[in-house]
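Asks: my questions are about this predicted structure, shown below with the sequence.
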Amino acid sequence: CDETCITAGKVCDQASEDEMRGIDSEEKVEAVANNFAGVTCSLYEDFQSSLTPFIINEKCYYNTVASSTCNALDEKCKMRFCWCSELPSQGPSLAPSDVPSLKPSQS
């Protein structure tokens, strides 16, 4: 998922992994698959892998043991469901602030 998210201008991070690890049932993996046109789950399998959730030939795989990772890689797994987070802020903005600056007290 690292490469997929980078291509989309985003990042696969801890929050992304938490989302992927939350897909731990047939109902949840089917709900994810339903978000994609032309993706249909005909069969389901609880598959203990860091690649889950994913789909191969209409068989949707999920994992009841939280082990999904962003950097898992397997050439056979071409349709992995990846969660991507927005890139973190690149530092403070240079735009002027609407908050008045405080002056030191004269006491």
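Replies: Noted; the coordinates are in hand.

Asks: okay, now Ser68: neighbour count?
Replies: Neighbour count of Ser68, defined by other C-beta atoms under 10 Å: 28. For every residue, glycine as well, the C-beta is placed using N, CA and C.

Asks: list the residues that contact it.
Replies: Glu17, Met20, Arg21, Ile23, Ser50, Leu51, Thr52, Pro53 (C-beta atoms under 8 Å, 6 or more residues apart in numbering).

Asks: can you give me the distance of the spatially most central residue of the chain to Asp2?
Replies: Against the mean C-alpha coordinate of the chain, by C-alpha atoms, centre = their mean, the closest residue is Trp83 at 1.7 Å. Trp83 sits 12 Å away from Asp2, taking C-beta to C-beta, to the nearest Å as the criterion.

Asks: helices of the chain, start to end?
Replies: 2-7, 14-21, 26-33 (DSSP state H).
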